[in-house]
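> Test case, fold it:
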Amino acid sequence: MNAYICAVLIIAISADALTSPAVLNQLLNLVIGLWILVAPWALGFDNYIETSVHVVIGATVAVLSSIKLWTMLQRPAQQPSDVRESFQASVSGTKKGQ
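Numbers count the residues shown, from 1 in each chain. Sure, this is the predicted structure:
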């Protein structure tokens with residue numbers, strides 16, 4: 001049941017991130033991924049396969065979310081005017097500021 005709830009949450013948060021990428025979405029995915037990673041021990045799983053699947057999926061979600069979060073925080077968001085100038089420069093073949 002834990003896996004289904006976490007899967008629905010990850011899908012919902014990721015779908016929301018497609019329309020409005022925000023740091024909060026990545027933080028939530030990171031927390032859910034870490035929960036999936038430690039859930040086998042927190043909930044006392046007995047099955048080796050269930051534990052292995054949770055660890056692999058949780059680690060994957062946590063790593064991908066942390067990479068995306070890191071890239072979002074390292075690169076400042078472009079302002080609409082910067083995007084417009086970059087596009088116009090690429091169409092006209094000139095560099096920005098020339």
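> From now on I want contacts and neighbour counts done on CA atoms only, so please keep to that.
Will do.
> just checking, what packs against the lengthiest helix in the chain?
Longest helix of the chain, by residue count under DSSP state H: helix 48-74. Helix 48-74 sits against helix 23-42, with contacts defined as 3 or more C-alpha pairs under 8 Å, 6 or more residues apart in numbering; DSSP states H and E.
> And for the helix it packs on, what's in contact with it?
For helix 23-42, contacts defined as C-alpha atoms under 8 Å, 6 or more residues apart in numbering pick out 3, 6, 10, 13-14, 16-17, 50-51, 54-63, 65-66, 68-69, 72.
> quick one, that helix and helix 48-74 angle?
Helix 23-42 runs at 160 degrees relative to helix 48-74, counting by axes from the mean of the first three to the mean of the last three C-alpha atoms, to 10 degrees.
> Mind listing what's buried along the longest helix of the chain?
Neighbour counts over helix 48-74 (16 or more other C-alpha atoms under 10 Å) mark 51, 54-55, 57-63, 65-66, 68-69 as buried.
> In CSV, list the residues you listed along with pLDDT and distance to residue 40.
Formatted as CSV, the buried residues of helix 48-74 follow (pLDDT from 0 to 100; distance: C-alpha to C-alpha, whole Å):
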residue, pLDDT, distance to residue 40
51, 92, 5
54, 92, 7
55, 94, 8
57, 92, 12
58, 93, 11
59, 95, 13
60, 94, 16
61, 92, 16
62, 94, 16
63, 95, 18
65, 90, 20
66, 92, 21
68, 86, 25
69, 86, 25
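> Sweet, I'm off.
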